[in-house]
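Asks: sequence and predicted structure, then a few things I'm wondering about:
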Protein chains: 2
Amino acid sequence: MPVASEVVYMAAEGHRWEYTSNEPARAFVPGHITGFFSVHSHDDPRVAGSRGAGIALTEGVTVELQRADETTVTLRGNEIEMDAVTRTLDSLSVEARVAIETQLPVSAGFGVSGGAALGTALAANTQFGLAHTENELVSTAHAAEVEAGTGLGDVVAQARGGVPIRLEPGVPPDNQLDGIPAPATRVEYVSFGGRPTDEIIGGDVETLSWAGERALAALCEEPTLPGFMECSRTFAREADLLTPQVKAALEAVEEAGGEAAMAMLGETVFALEHGLTDAGYEPAVCEIHPAGATLV
Amino acid sequence: MPVASEVVYMAAEGHRWEYTSNEPARAFVPGHITGFFSVHSHDDPRVAGSRGAGIALTEGVTVELQRADETTVTLRGNEIEMDAVTRTLDSLSVEARVAIETQLPVSAGFGVSGGAALGTALAANTQFGLAHTENELVSTAHAAEVEAGTGLGDVVAQARGGVPIRLEPGVPPDNQLDGIPAPATRVEYVSFGGRPTDEIIGGDVETLSWAGERALAALCEEPTLPGFMECSRTFAREADLLTPQVKAALEAVEEAGGEAAMAMLGETVFALEHGLTDAGYEPAVCEIHPAGATLV
């Protein structure tokens, strides 16, 4: 019986645009900043998730994947444990060497773990000739991320790109996505440190979810980029998530006439255009990314 | 009472990243080749549409839009009637000068009219500060295109990008989309002339839709790029749409070891990678476009 890569090769009648087992497969997944969200728990990780809204970023996660006898995961060359990635590979019943590269801070609200899971699913599908659709791969990565406890809504947003609104939690076709029309706007961010997502989304989320539902209702009334920033600021305040450093940065940007909000869940502030620069910070800079995750 | 652009400006508290009425708004919409489809008629143009699958192209339609006292539409600088565009503006209750630029052949199966409608919706939303979501703008453009009789499924596919599978007809959230994971593959095409879409989709479509449903079922069994090309070739044959020139080109590419299919609805052949070049044609060249329509 031929191995998976040979099956793909045969199915394609030998055309050169198919991968073979000697080449690694690569995927790029945009980073994703969540501005506000509500938690929707469920025993089935494909039903669980979050409602909310965020911004996909041109700065993201690149995953390079090669078949291997035993699964290993590296981040910037260093071997690590990344539960969302190993669970994705387990779901797809493959073992692989996964190398993750990103300029984004980890555990700081940029969707690095979700991006790593989704990139792994896309790259594994190609490398092993699994013939899954994009919705199936998104569902696999979302479930792995939820079970790992590292995120609830990044994966579906990162698969879409732009400025995604998550109207219903879970995976396609039951989740519902919309988006705020926006040009490729400059986004600045500063991160003062990480916050473990599982501590917050695994704890008492009643106040947070109430604030998240209010923010989503308000955004649907005014689905614009300024509307999104304002809903996000209100959410961070109402959900009582502001830290002193984040609060100071938000106030400084507002005083300088800019638009900023807090990235969920990290001790991170993001601003549109030159908001943080004008307020005297030295931020990292990227843009809104119009596309979702892609093979590269 | 302030005019629309002033309302936007005020809502944004004067930040410079908002458009003002002096700047035109611009949108880019990828071209879209449909490989196979089935027709789903309905009195409500938001329910009507098609099932099927296709490829979004890096070659596309750029729309530049500026408020005006009376609506005019130009294509490559020449004033034209484009019903899908004027119906889109009518639905949004605005009048504008719309300039459409594209390298793609018109009425040849590349989704130029759908792209022009969708680009108009996105650009008008920005120019007039209408604060619609992306789903709302897609729905408006889809309905305009269906009522104009120039297309049934291009708009929703062009809003998504990649290699879209249209599982259910109509607009979000009732339409269902999936996609075939594919890297940014080279796409070649030659067009031997146009075919008026309304003559075919307005006529007897029983055989065509039967073939389209068979092709979609087959693609869902093998959702890969080679699977898509094979389903598309089978569809064109079963739906009896092949013309002598298209048939000759498909055979020539196959003999040269490549993958080609016919673009619906045009007298157009497209091939992956160097398929048409290797068969001795001098095709236009682009790539699969990973993103959907965007403001630029």
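Replies: Right, received. Where do you want to start?
Asks: what segments of the stretch 1-150 of chain A are helices?
Replies: A:4-11, A:83-92, A:112-127, A:134-148 (DSSP state H, counting those that start in this stretch).
Asks: ok, the stretch 151-296 of chain A next?
Replies: Counting by DSSP H, counting those that start in this stretch, the helices of the stretch 151-296 of chain A are A:154-160, A:197-201, A:206-221, A:225-238, A:244-255, A:275-278.
Asks: list the buried ones in the longest one?
Replies: For helix A:206-221, the buried set under the neighbour-count rule, 16 or more other C-beta atoms under 10 Å in any protein chain shown, comprises A:208, A:209, A:211, A:212, A:213, A:214, A:215, A:216, A:218, A:219. For glycine as for every other residue, the C-beta is placed from the backbone atoms N, C-alpha and C.
Asks: then the fifth one?
Replies: Using 16+ other C-beta under 10 Å as the burial criterion, the residues of helix A:244-255 that qualify are A:246, A:249, A:250, A:252, A:253, A:254.
Asks: and what of stretch A:179-193?
Replies: For stretch A:179-193, using 16+ other C-beta under 10 Å, the buried residues are A:179, A:180, A:181, A:182, A:183, A:186, A:187, A:188, A:189, A:190, A:191, A:192.
Asks: looking at the residue of chain A found nearest chain B now. What's its pLDDT?
Replies: Sorted by distance to chain B under C-beta to the nearest C-beta, the residues of chain A start with residue A:291, at 3.4 Å. Listed pLDDT for residue A:291 reads 94.
Asks: count of residues packed around it?
Replies: For residue A:291, the count of nearby residues is 20 (other C-beta atoms under 10 Å in any protein chain shown).
Asks: need the contact list for it.
Replies: With contacts defined as C-beta atoms under 8 Å, 6 or more residues apart in numbering or on different chains, residue A:291 is in contact with A:30, A:161, B:161, B:290, B:291, B:292.
Asks: let's have those residues in TSV, adding distance to residue A:141.
Replies: Formatted as TSV, these follow (distance: C-beta to C-beta, whole Å):
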residue	distance to residue A:141
A:30	14
A:161	15
B:161	19
B:290	17
B:291	19
B:292	20
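Asks: which of those residues tops the neighbour count?
Replies: Neighbour max across the contacts of residue A:291 (other C-beta under 10 Å) = residue A:30, 30 neighbours.
Asks: which bits of the stretch 151-296 of chain A sit near chain B?
Replies: A:161-162, A:165, A:167, A:172-173, A:176, A:178-185, A:220, A:222-227, A:257-259, A:272-273, A:290-292, A:294-296 (C-beta under 8 Å from any C-beta of the partner chain).
Asks: among the buried residues of stretch A:179-193, which two are most distant?
Replies: A:181 and A:192 (31.3 Å; C-beta to C-beta).
Asks: circling back: kindly reformat the helices of the stretch 1-150 of chain A as a markdown table containing mean neighbour count, distance to residue B:123 and mean pLDDT.
Replies: Formatted as a markdown table, the helices of the stretch 1-150 of chain A follow (neighbours: other C-beta atoms under 10 Å in any protein chain shown; distance: least, C-beta to C-beta, whole Å; pLDDT from 0 to 100):
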| stretch | mean neighbour count | distance to residue B:123 | mean pLDDT |
| --- | --- | --- | --- |
| helix A:4-11 | 16 | 41 | 38 |
| helix A:83-92 | 22 | 38 | 98 |
| helix A:112-127 | 30 | 31 | 98 |
| helix A:134-148 | 26 | 28 | 98 |
